[in-house]
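S.K.: Could you look at this predicted model? Sequence included:
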Amino acid sequence: MIAKYRPASVAGLCALVLAVFANALGVAFLLDDLGDIADNPAARAATFFERLPQTNRPFTKASYALNDALHGLAPAGYAAVNVALHLICLAFACLLARRAFEKAGATAATMCALAACAVWAVHPALTESVTYLSGRSMVLSAALMLASLHAATGARCRPALAFACAFLAPLARETALILPLILLWWRWTIGSPRGRDWPVWVGSALAALVIAAMPRHRDLVAFSLEMRDPLLALRDNIHAATQTLAYWFTPWRVIIMPEAPPPHAWSDPATVVRIAGVLAAAALAFAVRRTAPAAAFGIGLALLALVPSNTIVWRVDPVAMKPLYLAGLGLSLAAVDIARRLAGPRIALPIAAMTALALGLQTHARNALFQNEVALFADAVAKTPDNARAWIAYGSALMADRRYDEAEIALTRGLDLAPQDERAMNLLGAIATIRSVERNGGGR
């Protein structure tokens, strides 16, 4: 299949992605990177096996431990692996996209596939998975999912590879348990020879058993269920899911800490409209699965990719960019297929190329924010000035940088927006204590 791609086209796409993410090698350990990698014994080579029974996402932790064994805690090494995994995802995405456009009868299937993958691969939302070092769980699991899907649906089935990747993907990130349903949707839209799906189903089932046996995973699920009843979580996740998808269409709004949607009742018009929109999208995809299979698969992939994180389990950050890693691939496939049907490849493909270049420039600029927390949260409060959590996190980052006057302003703003926030109050109290000590020390 790869032989049907012109080497120059593939090289150009890879060069674009590498150019966009080149400055990702200059990032630092930030936020979740500290607890997930730098300060996590399960992510260190010397203590990985000792801490394995107490950790979660063991395959991701194993990859961190391998990084540690090779070069220690050098962020550039971790970033290089993330970018390499993204390129692997890109390769499998191109192969699968070409099959989808061939099934759709596209006259320029290869170029349509490259265009869709280019738009996806350089989108700013992907920085949370590729540039953010602790986002590796998403890009690693996605690489395994796409590899498994490719192995199970090709002209030459590779059951061993399909099984192995389906088994390892959820051990990198548990959301990959959705893979069998994605494969089922592929069969209904793009098609695949019967009898080839069992390695994916068996691999995913075994991974689910392993995850269920891990205490850390059980604790996380129990914590989520304690935070919110599953039915209420489903209601609020409908808002979170649509809010997450909106970031794909408004890439200039992408931030590190999006605001959670306010609570809504089931009968609220906002809830009813969102439910109707999701159901309409699913119904449209099902209705056109024969006449527009690439678009139908893309829409279904976008919806299925959000199911593990935005249904009955509530998370501390219900709106996040990481689920858009696979969902965005689906949206890009659908967008290019619809555009080439409406305007023809001669118009749709140049537009896609220009879109990819514009997105790539935004992503390259966004990568630089991950060099320090102050820049990352300054971007967040600039884009969402009423986001209390972002202001408080910004104040905390400024305080860690010993910029106490600016930190006080940011924390005060956060406390104005969230008057009961204990973290903001504690940090403001700490600033007052530091100033008191400095005054007393200066007096001596």
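M.R.: Thanks, I have the structure now.
S.K.: Enumerate residues external to the least confident helix or strand in the chain by mean pLDDT that contact any of its residues.
M.R.: Least confident helix or strand of the chain, by mean pLDDT, DSSP states H and E, is helix 215-227 with a mean of 84. Helix 215-227 is contacted from outside by 53, 54, 55, 56, 174, 211, 212, 233, 313, 314, 315, 316, using C-beta atoms under 8 Å, 6 or more residues apart in numbering. All C-beta atoms are positioned from the backbone trio N, CA, C, and that covers glycine.
S.K.: so the nearest residue to residue 66 once chain neighbours are set aside, which of the three states?
M.R.: Closest residue in space to residue 66, ignoring its immediate chain neighbours: residue 45 at 7.4 Å, by C-beta to C-beta, 6 or more residues apart in numbering. Recorded secondary structure, residue 45: coil (DSSP: H, G, I helix; E, B strand; the rest coil).
S.K.: Now residue 45: phi and psi?
M.R.: When read as degrees, to the nearest 10, the backbone of residue 45 gives phi -60, psi -40.
S.K.: tell me the pLDDT at it?
M.R.: Residue 45 is assigned 96 on the pLDDT scale.
S.K.: residue contacts, it?
M.R.: 65, 66, 68, 69.
S.K.: Report the two of these separated the most.
M.R.: Across the contacts of residue 45, the longest distance by C-beta to C-beta is 7.2 Å; it joins 66 and 68.
S.K.: and stretch 364-375, which residues are buried?
M.R.: 364, 366, 367, 368, 369, 370, 371, 372, 373, 374 (16 or more other C-beta atoms under 10 Å).
S.K.: now do stretch 7-14
M.R.: In stretch 7-14, counting by 16+ other C-beta under 10 Å, buried: 10, 13.
S.K.: And for stretch 173-191?
M.R.: 173-180, 182-190.
S.K.: The residue nearest to residue 56 when sequence neighbours are not counted: how many residues sit nearby?
M.R.: Once flanking residues are discounted, residue 56 sits nearest to residue 216: 4.2 Å by C-beta to C-beta, 6+ apart. If you count neighbours by other C-beta atoms under 10 Å, residue 216 ends up with 15.
S.K.: how about residue 277, what does it touch?
M.R.: Applying C-beta under 8 Å, 6+ apart, the residues near residue 277 are residue 242.
S.K.: Looking at residue 66 and residue 68, which one has more neighbours?
M.R.: residue 68 (21 against 15).
S.K.: from the chain's centre, how far out does stretch 274-291 sit?
M.R.: Stretch 274-291 sits 23 Å away from the centroid of its parent chain (C-alpha atoms, centre = their mean, to the nearest Å).
S.K.: Send me that stretch as PDB with only the CA atoms.
M.R.: Coordinates of each C-alpha in stretch 274-291 appear next as PDB, following Å, rounded to 0.1, in the frame of the first residue of the first chain:
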ATOM      1  CA  ARG A 274     -26.300  19.100  22.200                       C
ATOM      2  CA  ILE A 275     -27.900  15.700  22.500                       C
ATOM      3  CA  ALA A 276     -29.800  16.300  19.300                       C
ATOM      4  CA  GLY A 277     -26.600  17.400  17.500                       C
ATOM      5  CA  VAL A 278     -24.600  14.300  18.600                       C
ATOM      6  CA  LEU A 279     -27.500  12.000  17.600                       C
ATOM      7  CA  ALA A 280     -27.900  13.800  14.300                       C
ATOM      8  CA  ALA A 281     -24.200  13.500  13.500                       C
ATOM      9  CA  ALA A 282     -24.300   9.700  14.400                       C
ATOM     10  CA  ALA A 283     -27.400   9.300  12.300                       C
ATOM     11  CA  LEU A 284     -25.900  11.100   9.300                       C
ATOM     12  CA  ALA A 285     -22.700   9.000   9.500                       C
ATOM     13  CA  PHE A 286     -24.800   5.800   9.500                       C
ATOM     14  CA  ALA A 287     -27.000   7.000   6.700                       C
ATOM     15  CA  VAL A 288     -24.200   7.900   4.300                       C
ATOM     16  CA  ARG A 289     -21.900   5.000   5.200                       C
ATOM     17  CA  ARG A 290     -22.300   3.500   1.700                       C
ATOM     18  CA  THR A 291     -22.400   6.600  -0.400                       C
END
